[in-house]
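**Student:** Starting from these lines, generate the structure:
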Amino acid sequence: MDGDAVADLIEAELPDAEATVTTPRDPDDDKHYAVEVVSPAFEGKSLVDQHQLVHDALDEYLTDEIHAIELTTATPDERA
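**Tutor:** Alright, predicted model coming up:
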């Protein structure tokens, strides 16, 4: 699974989300990702709840196709 596919999964699950995915370590390691997600769905949610929404979007792929994610989340207002 490549970074674009990871971003697509997140954006399909979270309304109006914008996901940016990179490989922070070895570019040839396709199971470790740095993921930044900006979404209005995070409004009023704790950081733990925000991260849980992203984990839920990737659930069936975690551990097999995605080994680890370095996750950053924000609302559109926080991003601005």
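
**Student:** For this protein, give me the ranges with low pLDDT.
**Tutor:** 25-30 (pLDDT under 70).

**Student:** if I pick the residue nearest the centre of it, what's in contact with it?
**Tutor:** The geometric centre of the chain, computed from its C-alpha atoms, lies nearest to residue 35 (Cα atoms, centre = their mean), at 4.5 Å. By Cβ atoms under 8 Å, 6 or more residues apart in numbering, the contact set of residue 35 is 6-7, 10, 19-21, 54, 69-72. Placement of C-beta: from N, CA and C, glycine included.

**Student:** what's near enough to touch residue 75?
**Tutor:** Shown in contact with residue 75 (Cβ under 8 Å, 6+ apart): 38-40, 42-43.

**Student:** what's the distance between the residue nearest to the centre of the chain and residue 68?
**Tutor:** 10 Å (Cβ to Cβ, to the nearest Å).

**Student:** can you put the contacts of residue 75 in CSV and add secondary structure, distance to residue 1 and neighbour count?
**Tutor:** Output for the contacts of residue 75, formatted as CSV (DSSP: H, G, I helix; E, B strand; the rest coil; distance: Cβ to Cβ, whole Å; neighbours: other Cβ atoms under 10 Å):
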residue, secondary structure, distance to residue 1, neighbour count
38, strand, 21, 21
39, coil, 21, 24
40, helix, 26, 12
42, helix, 24, 23
43, coil, 29, 11
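
**Student:** Closest to residue 58 out of the residues you listed?
**Tutor:** residue 39 (14.0 Å; Cβ to Cβ).

**Student:** Counting neighbours, which of the contacts of residue 35 comes out on top?
**Tutor:** Of all the contacts of residue 35, the most densely surrounded is residue 54 (25 neighbours; neighbours counted as other Cβ atoms under 10 Å).

**Student:** got the buried residues for stretch 42-56?
**Tutor:** Buried residues in stretch 42-56, counted by 16 or more other Cβ atoms under 10 Å: 42, 50-51, 53-54.

**Student:** now these as TSV including distance to residue 31 and secondary structure?
**Tutor:** TSV is the format used below for the buried residues of stretch 42-56 (distance: Cβ to Cβ, whole Å; DSSP: H, G, I helix; E, B strand; the rest coil):
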residue	distance to residue 31	secondary structure
42	25	helix
50	23	helix
51	19	helix
53	21	helix
54	16	helix
